[in-house]
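Chemist: make a model of this:
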Amino acid sequence: MRPDIWIEWGRHDLHAAQACMDKGEHHIACYLAAQGAEKSLKAVMEHVGKAVPGTQALVTLREQLAAAGCRLDLSERVLRTLTRYATDALQPPADSDCMPGELYGADDARDALASAQRVYDTCHSAIAATPGGDR
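Modeler: Below is the predicted model:
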């Protein structure tokens, strides 16, 4: 898949995350923000000519990019938090009886969206700044 397709899907996930946050659907906003970050990182993988792995672990994606010579200034803490948002929102926690609206609050959704936007911006800039084009 071309990098521009991955990055556009990531952008759409961020817009959907914002809409969910505005509606108070914070756990879905966190999930979609993490998905936008993941797709943005996968756009860079495609851009540098690496096979896009199936992993959703954002730190792993960043490490694979670094091994390919593409270093992105993204905090491990932020990437781990976004990964947790994605995995936690997939299904009810096994050791809890919390309802969807209780999983994450407005502050979490704002944090997820801001963090994912930073990942998107960093990835978008990396693609624009380096040759490689749309493979």
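Chemist: rest of the way, CA atoms for contacts and neighbours
Modeler: OK.
Chemist: I'd say Ser3 and Val48 touch.
Modeler: I think there's a mix-up here, since residue 3 is Pro and not Ser. No - with contact defined as CA atoms under 8 Å, Pro3 does not reach Val48; the gap is 9.2 Å.
Chemist: contact partners for the residue most central in space within the chain?
Modeler: Nearest to the mean C-alpha position of the chain, by CA atoms, centre = their mean, lies Ala37 at 1.7 Å. Neighbouring residues of Ala37 by CA atoms under 8 Å, 6 or more residues apart in numbering: 10, 58, 82, 116-117, 119-120.
Chemist: let's verify Arg79: helix, strand, or coil?
Modeler: You called it Arg, but residue 79 is Leu. helix (DSSP: H, G, I helix; E, B strand; the rest coil).
Chemist: among the contacts of Ala37, which are located in strands?
Modeler: Of the positions in the contacts of Ala37, not one sits in strands, assigned by DSSP state E.
Chemist: now, which of those lie within helices?
Modeler: 10, 58, 82, 116-117, 119-120 (DSSP state H).
Chemist: can you dump the C-alpha atoms of the helix or strand hosting Tyr85 in CSV for me?
Modeler: Tyr85 belongs to helix 76-88 when assigned by DSSP states H and E. Extracted in CSV, the C-alpha atoms of helix 76-88 (Å, rounded to 0.1, in the frame of the first residue of the first chain):
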residue,chain,number,x,y,z
GLU,A,76,8.6,5.7,24.3
ARG,A,77,6.2,6.6,27.1
VAL,A,78,3.8,8.3,24.7
LEU,A,79,3.9,5.3,22.3
ARG,A,80,3.3,2.8,25.1
THR,A,81,0.4,4.8,26.4
LEU,A,82,-1.2,5.0,23.0
THR,A,83,-0.7,1.2,22.5
ARG,A,84,-2.4,0.7,25.9
TYR,A,85,-5.3,2.9,24.8
ALA,A,86,-5.8,0.7,21.7
THR,A,87,-5.6,-2.6,23.5
ASP,A,88,-7.7,-1.7,26.5
